[in-house]
Each structure stands twice: as structure tokens, then as C-alpha cells.
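S.K.: Give the three-dimensional model of this entry:
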Amino acid sequence: MEKKIIILKLGGSLITDKTKPFTPRLSIINNLAYQIRNALDEDKSLQLIIGNGGGSFPHYPAVTYNMKEGIKTDRQIMGYAKVQDAAARLNRIVVEQLIEAGVPAVSLNPSSMIVCEDGKVKNIFIDHLKEFLKIGLTPVFYGDIITDTTLGSTILSTEKLIIEIAQELSKNNLNVSKIIQNGSTKGVMDREGGVIASITEDNISSVRNVIGETVGFDVTGGMMHKIEESLILAKRGIPTQLINGSLDRKILQQAILNKPVIGTIIKA
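M.R.: Numbering: from 1, shown residues only. Below is the predicted model of the structure:
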């Protein structure tokens, strides 16, 4: 049976309190983990790759040590270590909750599989990811700080990593059917608080005017960044769905199963 690959992001603003450093929302992570398990139980053709955002974990040391600029001082060498450690700590919490729910989750460390050059991915090694999928495991990666041959270091958001991973999978004849961005809002909201049902290149200019500022620590660009990265994938035939799967115990589960839910679709 051919597997249907979906890349699912668990947003940092959803799974952590971004106004408080190093504060996971364990009840939400646990709820999402069980929705994921239920979806996988219902549709055996599904294969998930999960990416968790960093939220209040790596963003706080990244801001404290100004790691967005790369490594320019000895102090930032320690900053790199602290950002990498914080990102990995949240990932382990997510993986632990998934395993507890019955999902065979395994951690995938981006800083050990990617090298960047001047802020862009130079080399990416996905053999472990492919083998995990072949075995039937559920890989869980995360936004991370990466070594950079020009800058010393680069922070790659989960969105950027989704693009890179989707591209590499495609080169290996493993095509992603869609992306699900599971965040702290029902989708992309307009000025009246309504959900914008669909975003394409045709209406992106008007959408830019209704995007507010990100609340809490964020060094990766917030909602507009998510939309722009999703449009890159849309041009390659991979739609992105933005939802808040914590509002109802079945929203994420239904989205994974391709059933109608409230949210925003970003497509070509």
C-alpha cells in the first residue's frame, strides 16, 4: 500500500507559552498527540513527518545572545550551545508525549543533518529520515540553529525546514501530499477576526495588511513568514492548511484525515 505523506507542524505559539521562557503547554501537547494517534489508527495509509516550533524555548536564548546575526563573538559560541540545547529540550518533550499516546515518534536533529552557507542550506542529509519512514517510525524535527560556513551559525525555522525536507523527499520520489500548520489561531485572521479561507498569489497583497505582530519571543518572522514560506510550497503543488487543533479534540485529527475543518488553505 502506497503511503500518503503529510508534514505536520505543531506551532511554538501553541505548544509553549511564548511570553514565558521555557514554558511548555503539556496538556495541549498531550491532546494533540492523541489526535495524531487516532488519525494514524483510522487511516493506515498515512505517514506523518512532524516538525515542532520552538516557541519560548530556543527563541529566548536566541534573542539574549543575538544569534540571528550569526557567531561574531566568543559569547555567541555559548549562545549557539544554549539555543541548540533549548530547541532539543522542547523536541524531547513533544516526542515523549507522542510516544505516551502510542505514536512511534523519533527525534530528528536538524543541526546534525544540515550545513548552511550564508543563511541558506548548502547540504542536507536525509537518509535517516527516509529509513525512519521505511521502518514505519514517525520522525519529529524542529526549528534549530545550524552551523553556517559563512556566518558561523544560522537559525532555520520549522517552515524553512519543511520546504527543504519536502524538496529532498521529492528528489527521492517521496511526494508530500500536504502540509498542516497547527498554530494558536484558527487560521489567518482578517481585521474583523474572521478566518481567511484561502490565500493565493492573487490575494497575498491584501492579506499582508491584516497580519499583526507576533506576541512573545520570536526570531523567525511570525505569521507572515509562515504564509510566504507556504506559498513557495504551493507553487510546487503542495498546499498548506493552517488550523488550531487544540480548539476541539478532533480538529487536528480531521485535518490529517482530509476532512473539512475551519482554517486557511494556502494554495497555487
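S.K.: Report the beta-bridge partner residues of residue 138.
M.R.: In this entry, residue 138 is beta-bridged to residue 105, by DSSP bridges.
S.K.: quick one: residue 130 is in a helix?
M.R.: Yes: the assignment for residue 130 is a helix, going by DSSP: H, G, I helix; E, B strand; the rest coil.
S.K.: Pull the contacting residues for it.
M.R.: 169, 172, 174 (C-beta atoms under 8 Å, 6 or more residues apart in numbering). The way it works is simple: take the backbone N, C-alpha and C, and place the C-beta from them, glycine included.
S.K.: what about the strands in the stretch 151-268 of the chain?
M.R.: 152-156, 176-182, 188-189, 195-196, 198-199, 240-243, 264-266 (DSSP state E, counting those that start in this stretch).
S.K.: Can you flag the buried ones in the contacts of residue 130?
M.R.: Buried by 16 or more other C-beta atoms under 10 Å: 169, 174, out of these.
S.K.: what's the average pLDDT for the strand or helix carrying residue 29?
M.R.: Using DSSP states H and E, residue 29 sits in helix 26-42. Helix 26-42 comes out with an average pLDDT of 96.
S.K.: Ok, stretch 61-80 next?
M.R.: The pLDDT scores in stretch 61-80 average 96.
S.K.: Using neighbour counts, pick out the buried residues of that stretch.
M.R.: Using 16+ other C-beta under 10 Å as the test for burial, stretch 61-80 gives 61-63, 65, 67, 70-71, 76, 79-80.
S.K.: again with stretch 15-27
M.R.: 15-16, 18, 21, 24-25.
S.K.: which one among the residues you listed gets closest to residue 234?
M.R.: Using C-beta to C-beta, residue 15 comes nearest to residue 234 of the buried residues of stretch 15-27, at 24.9 Å.
S.K.: what helices or strands is the longest helix seen in the chain leaning on?
M.R.: Determined from DSSP state H, the single longest helix within the chain is helix 74-101. Using 3 or more C-beta pairs under 8 Å, 6 or more residues apart in numbering; DSSP states H and E, the elements in contact with helix 74-101 are helix 12-15, helix 26-42, strand 46-52, helix 59-64, strand 105-107, strand 138-142, strand 144-148, strand 152-156.
S.K.: Run through who's touching the third one.
M.R.: If I follow you right, that is strand 46-52. Under C-beta under 8 Å, 6+ apart, the answer for strand 46-52 is 3-10, 12, 15, 36, 39-40, 90-91, 94, 98, 105, 129, 133, 138-143, 158, 161-162, 165, 176, 256-257.
S.K.: Return a PyMOL selection command for the buried portion of these.
M.R.: Selecting only the buried entries of the contacts of strand 46-52 in PyMOL, with 16+ other C-beta under 10 Å as the criterion:
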select buried, resi 4+5+6+7+8+9+10+12+15+36+39+40+90+91+94+98+105+129+133+138+139+140+141+142+143+158+161+162+165+176+256+257
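S.K.: Look up how far residue 97 lies from the residue lying closest to residue 140 once chain neighbours are set aside.
M.R.: Leaving aside its chain neighbours, residue 140 sits nearest to residue 50 (4.5 Å; criterion: C-beta to C-beta, 6 or more residues apart in numbering). Shown here: residue 50 relative to residue 97, a distance of 11 Å by C-beta to C-beta, to the nearest Å.
S.K.: likewise residue 238?
M.R.: The spacing between residue 238 and residue 97, counted by C-beta to C-beta, is 27 Å.
S.K.: Any regions of the stretch 101-250 of the chain where pLDDT drops low?
M.R.: 211-222 (pLDDT under 70).
S.K.: So what angle separates the directions of the longest helix of the chain and strand 144-148?
M.R.: On the basis of axes from the mean of the first three to the mean of the last three C-alpha atoms, to 10 degrees, helix 74-101 is oriented at 140 degrees to strand 144-148.
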